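A.B. asks: Got a predicted structure plus its sequence, pasted below:
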Amino acid sequence: MVVVESPAKVILFGEHAVVYGYRAISMAIDLKTTCTVEESDTTIINLKDLKKSLKIPIEEILNLNVNEYGDFRYVLCAIKNTILYLLSHKNLDLKDLKPFKLTITSQIPISCGLGSSASTTISTIKGISAFYERPLDDNEIATIGYHVEKEVQGKASVTDTATITYKGLLEIENNTIRRIEGGLKDFIKSCKFLICYCEERKKKTAELVNEVANHKNRDDIFKLIEKVVDTSKTTFDKEIFGELMYINHNLLKRLGVSTPKLDEVVEIGKTYGYGAKLTGAGGGGCVIILVNENKEDELINKLKEKGVEYFECRMVY
Ligand SMILES: Nc1ncnc2c1ncn2[C@@H]1O[C@H](COP(=O)(O)OP(=O)(O)O)[C@@H](O)[C@H]1O
Ligand SMILES: C[C@@](O)(CCOP(=O)(O)O)CC(=O)O
Ligand SMILES: [Mg+2]
């Protein structure tokens, strides 16, 4: 039996703009998705958290239109693209395609901006390639992962799949990846971040990305977001970093992807922490707060008073 894991991610600055080539900064965090793959008489996919199971012949997976498969679409698309890659690049033969039982479980809240889709995708790619005894390197995994998110969503950047594959802290620009080491990474490691689960997201990432695509001031706002990204890279000061998070949040608000609940939690994060912003596609989901240790008790009390769930996140690398 094969067992593989992948982390989650937060986008610290630059979501949405990054889809159009603007710079963004993202970080892998310590919430895990686990994928197990084992031999089976027929191919079965179990999504434990969603309490859903699907029996499907492998040959059908290779030809399907993934968007007809609801919650299974990322996993099926990842299986499809991985097997096609193994067939064309790794000497896997169609006759060696033995059936399997693949199971996904995850600690990542689903559709909350923490990359549950990318983590599910990447762990499936790793699980399937290991099951057929053709493990892939990180570049191959990240490339297949990106194509999966793009096929399912229509539009996507490499941010989520790359961050979850390479881990650590990354800068993305024009879909190319730069690992951030030294100064900014050390500074971010010294920061305490809380992730707040604010509300269920009503829309999928794909819908939010498409709404932003039609925003008439899209590029003006993206340029301002990129300025925030660039300033954050040289400012190793928590007060300024928190302020930049708040500015980025308000630019996302202008793009139309915030909600009253997210704004309310961001205001709490601004008042009782150094700053805060929504993270990921928005439309609900999570807010990330940079904690001010001197006011942490007040922050926690306020979040509890509002009934907001929170947890501390740490960078994985
Ligand atoms: N634990 C899980 N098990 C199975 N599928 C999952 C899981 N988590 C996420 N997914 C897939 O990812 C989709 C959510 O993706 P998305 O809207 O992009 O949210 P996120 O911001 O978390 O990435 C789900 O509808 C499902 O298809
Ligand atoms: C909005 C976007 O920048 C991030 C989406 O993240 P999530 O699916 O909400 O975790 C889209 C992308 O980069 O592909
Ligand atoms: Mg996603």
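C.D. replies: Here it is on my side, so go on. Numbers count the residues shown, from 1 in each chain. Ligands and ions are numbered 1, 2, ... in the order given.
A.B. asks: for Gly282, what are its contacts?
C.D. replies: Contact analysis of Gly282 by Cβ atoms under 8 Å, 6 or more residues apart in numbering lists 15-16, 113, 208, 252, 257-259, 262. To be clear about C-beta, it is placed using only N, CA and C from the backbone, and glycine gets the same treatment.
A.B. asks: what's the closest non-adjacent residue to it?
C.D. replies: Spatial nearest neighbour of Gly282, excluding adjacent residues (Cβ to Cβ, 6 or more residues apart in numbering): Val257 at 3.2 Å.
A.B. asks: mind checking the SS state of the one you found?
C.D. replies: Using DSSP: H, G, I helix; E, B strand; the rest coil, the secondary structure recorded for Val257 is coil.
A.B. asks: Got the phi and psi for the residue nearest to Asn91 when sequence neighbours are not counted?
C.D. replies: Excluding the flanking residues, the one nearest Asn91 by Cβ to Cβ, 6+ apart is Arg134, at 7.9 Å. Dihedral pair for Arg134: phi -130, psi 70, per degrees, to the nearest 10.
A.B. asks: Confirm for me that the residue nearest to Gly282 is in contact with Gly283.
C.D. replies: Yes. Look at Val257 against Gly283 with Cβ atoms under 8 Å: they come within range, at 5.7 Å.
A.B. asks: Can you pull the residues that touch both of these two?
C.D. replies: Common neighbours of Val257 and Gly283 (Cβ under 8 Å, 6+ apart) are Leu208.
A.B. asks: what's the domain layout of the chain?
C.D. replies: 2-176, 184-313 (automatic domain parsing).
A.B. asks: Next, the distance between the ends of the last one.
C.D. replies: The one in question is domain 184-313. In domain 184-313, first residue to last residue: 17 Å (Cα to Cα, to the nearest Å).
A.B. asks: Any idea which residue of the chain lies closest to ligand 2?
C.D. replies: Distance from ligand 2 to each residue of the chain (Cβ to the nearest ligand atom) is smallest for Gly280, at 2.9 Å.
A.B. asks: Lys302 - how many residues pack around it?
C.D. replies: 18 (other Cβ atoms under 10 Å).
A.B. asks: List the residues that contact the closest residue to it other than its chain neighbours.
C.D. replies: Nearest residue to Lys302 in three dimensions, chain neighbours excluded: Ile268, at 5.1 Å (Cβ to Cβ, 6+ apart). Contact analysis of Ile268 by Cβ under 8 Å, 6+ apart lists 276, 289, 299, 302-303, 306, 308.
A.B. asks: again, only this time at 10 Å
C.D. replies: For Ile268, the contact set (Cβ atoms under 10 Å, 6 or more residues apart in numbering) comprises 196, 276, 287, 289, 298-299, 302-303, 305-306, 308.
A.B. asks: ok, the residue most central in space within the chain - contacts?
C.D. replies: Residue closest to the mean C-alpha point of the chain, counted by Cα atoms, centre = their mean, is Gly115 at 2.0 Å. The contact partners of Gly115, by Cβ under 10 Å, 6+ apart, come to 6-11, 26, 28-29, 31, 33, 108, 121-122, 149, 159-161, 163-164, 205, 279-280.
A.B. asks: and with 8 Å instead?
C.D. replies: 8-9, 108, 160, 163-164, 280.
A.B. asks: which one among those gets closest to Asn217?
C.D. replies: Among those, Gly280 lies closest to Asn217 (Cβ to Cβ), at 21.1 Å.
A.B. asks: Helix or strand: which one has the closest one?
C.D. replies: For Gly280, there is no helix or strand it lies in under DSSP states H and E.
A.B. asks: okay if I get the contacts of Gly282 as CSV plus distance to ligand 1 and pLDDT?
C.D. replies: Output for those, formatted as CSV (distance: Cβ to the nearest ligand atom, whole Å; pLDDT from 0 to 100):
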residue, distance to ligand 1, pLDDT
Glu15, 10, 97
His16, 12, 97
Gly113, 5, 94
Leu208, 8, 95
Leu252, 14, 98
Val257, 12, 98
Ser258, 15, 98
Thr259, 14, 97
Leu262, 14, 98
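A.B. asks: List, out of the residues you listed, those positioned next to ligand 3.
C.D. replies: With the criterion set as Cβ under 5 Å from the ion, no member of the contacts of Gly282 is near ligand 3.
A.B. asks: now the residues you listed in TSV, with distance to ligand 2 and neighbour count?
C.D. replies: As requested, the contacts of Gly282 are arranged in TSV below (distance: Cβ to the nearest ligand atom, whole Å; neighbours: other Cβ atoms under 10 Å):
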residue	distance to ligand 2	neighbour count
Glu15	4	30
His16	5	27
Gly113	4	31
Leu208	6	25
Leu252	9	25
Val257	8	24
Ser258	13	21
Thr259	14	18
Leu262	12	28
